[in-house]
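**Student:** the following comprises the amino acid sequence and a computationally predicted model.
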Amino acid sequence: MSDKYFMLMILVCAAATFLLRALPFIAFSKRTPEFITYLGRVLPCAVMAMLVVYCLKDAELFNRPYALPELISCLVVIILHVWKRSTLLSIVIGTACYMLIVQNLI
Amino acid sequence: MGIFKRAFKDTLPVLTGYLVLGLGFGILLNSKGYNALWAFIMSVVIYSGTAQFVFITFLTSGASLAEVAITSTVMGARHLFYGISMLERYNKILNKLKKIYMIHALTDETYALVSSADANLNEQYYFYVSLLDHSYWVAGSVLGALLGAFIPFNTKGVDFSLTALFITICTEQWLDNKNKISNHLSALTGFAASLICLAAFGRKNFLIPAMIAIIIILFLLRSKLSEAN
């Protein structure tokens, strides 16, 4: 593959990604329909839930380890967060927990 | 606390996640015979983890430009939601260039931080978060391409930090006392639609059906949710 073609591929990929990010701003530049304003307000919670599922989609549910590393680590993050409300602490401990499990250290 | 300091503190979880994920990307790109300059260019102009990792598979399969365009669009469709949620806040930014840059920098993680930021934080905060996250990603991928496979410790599982970031934000939204009913209904909608679509369409194809389902359910619930607010 030539460098020129490689650069073209990068630009096409970048353009597609940018257009998706910019489309709502282009489409609703003049006037935002009421339904879109409503969506903008209620979407964040739904999207964050969707992202969590998206991140966990590759967990092995039906064979060993039966998604246990993910399940345990997620519970650690949630419990720690409800208890201490410190984002950094929840993430560091939760990630350490997950790494220890998947690297067979505990 | 200064706005920059606040932004830096809030982006620390992304710093770890992006450095490691970026490293992984750089190492992989380097193994295909492309050096740090390419890693730098890609991370600056594409700036999307999923798109860049898929891009590497294009390199081995020798994809056409049309394939690159279609795959990038389908893979990145969730970004449409981020724009819709940030319309009101980002449309207040008067500096056009700054606004365009911040739209370009609206990744999953940046969106997670700016969309859940306190109402009293202004556009300067959003800008710092965008710029900091972007620089972590670029730094990670360049470093990965430079170091190649010489990473001295086992990083397996460290990408869970991004999952953990999303979970803490979910939890925070759930515990938030303002708009409690609408937050809970919206989060449950997101979980239910995503899980059902994951079961029905599989890992590779569930995201777009899930997005459509979420919009339909939120449409049906709109009187209930508006009332709750």
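**Tutor:** Structure received. Numbering: from 1, shown residues only, chains lettered A, B, ... in the order given.
**Student:** helices along the chain, start to end?
**Tutor:** Reading this off chain A. Counting by DSSP state H, the segments of chain A that form helices are A:3-27, A:34-56, A:68-84, A:87-102.
**Student:** wait, chain B was what I had in mind.
**Tutor:** Going by DSSP H, chain B shows helices at B:3-31, B:36-45, B:49-61, B:65-75, B:79-90, B:96-104, B:108-115, B:123-147, B:160-175, B:180-201, B:207-220, B:222-228.
**Student:** the first one close to chain A?
**Tutor:** Yes. Contact between helix B:3-31 and chain A, assessed by C-beta under 8 Å from any C-beta of the partner chain, occurs at B:Asp10, B:Leu12, B:Pro13, B:Thr16. C-betas here are computed from N, CA, C, even on glycine.
**Student:** tell me the mean pLDDT for that helix?
**Tutor:** Helix B:3-31 shows a mean pLDDT of 90.
**Student:** and what of the second one?
**Tutor:** Throughout helix B:36-45, pLDDT has a mean value of 96.
**Student:** measure how buried the spatially closest residue to B:Ser115 that is not a sequence neighbour is and give me the count.
**Tutor:** Ranked by C-beta to C-beta, 6 or more residues apart in numbering or on different chains and with sequence neighbours excluded, the top spatial neighbour of B:Ser115 is A:Pro44, at 4.6 Å. Neighbourhood size, A:Pro44 [other C-beta atoms under 10 Å in any protein chain shown]: 24.
**Student:** one step back: any chance of the helices of chain B in JSON lines, with mean neighbour count too?
**Tutor:** Shown next, in JSON lines, are those (neighbours: other C-beta atoms under 10 Å in any protein chain shown):
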{"stretch": "helix B:3-31", "mean neighbour count": "20"}
{"stretch": "helix B:36-45", "mean neighbour count": "20"}
{"stretch": "helix B:49-61", "mean neighbour count": "17"}
{"stretch": "helix B:65-75", "mean neighbour count": "17"}
{"stretch": "helix B:79-90", "mean neighbour count": "21"}
{"stretch": "helix B:96-104", "mean neighbour count": "16"}
{"stretch": "helix B:108-115", "mean neighbour count": "24"}
{"stretch": "helix B:123-147", "mean neighbour count": "21"}
{"stretch": "helix B:160-175", "mean neighbour count": "23"}
{"stretch": "helix B:180-201", "mean neighbour count": "19"}
{"stretch": "helix B:207-220", "mean neighbour count": "18"}
{"stretch": "helix B:222-228", "mean neighbour count": "13"}
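**Student:** make TSV from the ones you listed and add distance to A:Gly40 to it.
**Tutor:** What follows is the helices of chain B, written out as TSV (distance: least, C-beta to C-beta, whole Å):
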stretch	distance to A:Gly40
helix B:3-31	21
helix B:36-45	27
helix B:49-61	23
helix B:65-75	22
helix B:79-90	5
helix B:96-104	14
helix B:108-115	9
helix B:123-147	15
helix B:160-175	15
helix B:180-201	12
helix B:207-220	11
helix B:222-228	12
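**Student:** which one of these lies closest to A:Asn63?
**Tutor:** Ranking those by proximity to A:Asn63 (C-beta to C-beta) places helix B:180-201 first, at 16.4 Å.
**Student:** the closest one vs chain A: in contact?
**Tutor:** Yes. Using C-beta under 8 Å from any C-beta, helix B:180-201 reaches chain A at B:182-184, B:186-191, B:193-195, B:198.
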